[in-house]
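with the sequence up front, the predicted model follows.
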Amino acid sequence: MKYKVFIDDLLIPTPGEIAVKVKNKNKTMTLINEGEVNILKSAGLTEFDFKYIDPHGRTVDKLTSLKEAKKPFFLKIVRPSVFDTEMLVSLEDFSFKDVDKHIRDQVVSVKFKQYRDYKTKTLTIIDENTASVEKPREEESSPKPKGELKTHIVKSGDTLWALAKKYYDDGSLYNKIAEANNIDKPNLINQGAKLKIPVLS
């Protein structure tokens, strides 16, 4: 089955195979007189591992810049006539080696891990029995929408990360588009959908 793989906005040579691993967080316990039971927990972070041949080492610079940026980006695997995978990930590791000193082709090995947004909260101890929790206030630390909303019709290959990069010059602001359109799963957007693009100050 021929498929396409995008790292951020870069289409890379098709890997021979892609290993996908969903980490197990279930816990097995032994109960008295009951034996073993399995405590079901939410799945861990998904991991992707694959290799591909890169003619003339054209993708190494992109991987290097993604690693140095220290920001998540979208990994998209397009499978014709089957489900696609589009997930916010971090680049965990990559390596490359030359396979032909004349052609300068390289074999690139990459490992990605699913990225989940998280926020910190401040816990204030009032007295021995009381504490208060302050929720993070995003509106104070994030740019505020200003002016009229722009719209974008989703095309094949579009991701929220790529749209944020296009409209804001910063892919990490993809959540602003997701919030403006009530999108719970930023890795799933439908082709043909009309998205509102908040204008940032």
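Arrived safely, thanks for sending.

Leu75 versus the residue lying closest to Asp98 once chain neighbours are set aside, what's the distance?
Spatial nearest neighbour of Asp98, chain neighbours left out: Gln106 (5.7 Å); criterion: Cβ to Cβ, 6 or more residues apart in numbering. Where C-beta positions appear, they are placed from N, C-alpha and C, glycine not excepted. Gln106 sits 20 Å away from Leu75, taking Cβ to Cβ, to the nearest Å as the criterion.

now Lys41
From Lys41 to Leu75 the distance is 24 Å (Cβ to Cβ).

who's more crowded, these two?
The residue with more neighbours, out of Lys41 and Leu75, is Leu75; 27 against 10, by other Cβ atoms under 10 Å.

that's a helix at that one, yeah?
No - applying DSSP: H, G, I helix; E, B strand; the rest coil, one finds Leu75 to be strand, outside a helix.

so where does the closest residue to it other than its chain neighbours fall, helix or strand?
The shortest distance from Leu75 to any residue other than its chain neighbours is 4.6 Å, reached at Val89 (Cβ to Cβ, 6+ apart). Using DSSP states H and E, Val89 falls within strand 85-98.

for that strand, which helices and strands make contact with it?
strand 46-54, helix 60-69, strand 73-78, strand 106-114 (3 or more Cβ pairs under 8 Å, 6 or more residues apart in numbering; DSSP states H and E).

could you rerun that using 7 Å?
Strand 85-98 makes packing contacts with helix 60-69, strand 73-78, strand 106-114 when contacts are defined by 3 or more Cβ pairs under 7 Å, 6 or more residues apart in numbering; DSSP states H and E.

wait, what's in contact with Ile183?
Neighbouring residues of Ile183 by Cβ atoms under 7 Å, 6 or more residues apart in numbering: Ile189.

so which helix or strand takes in it?
Applying DSSP H and E, one finds Ile183 in no helix or strand.

measure it to Leu200 for me?
17 Å.

swap in Pro186?
To Leu200, Pro186 is 17 Å away according to Cβ to Cβ.

understood, closing this out.
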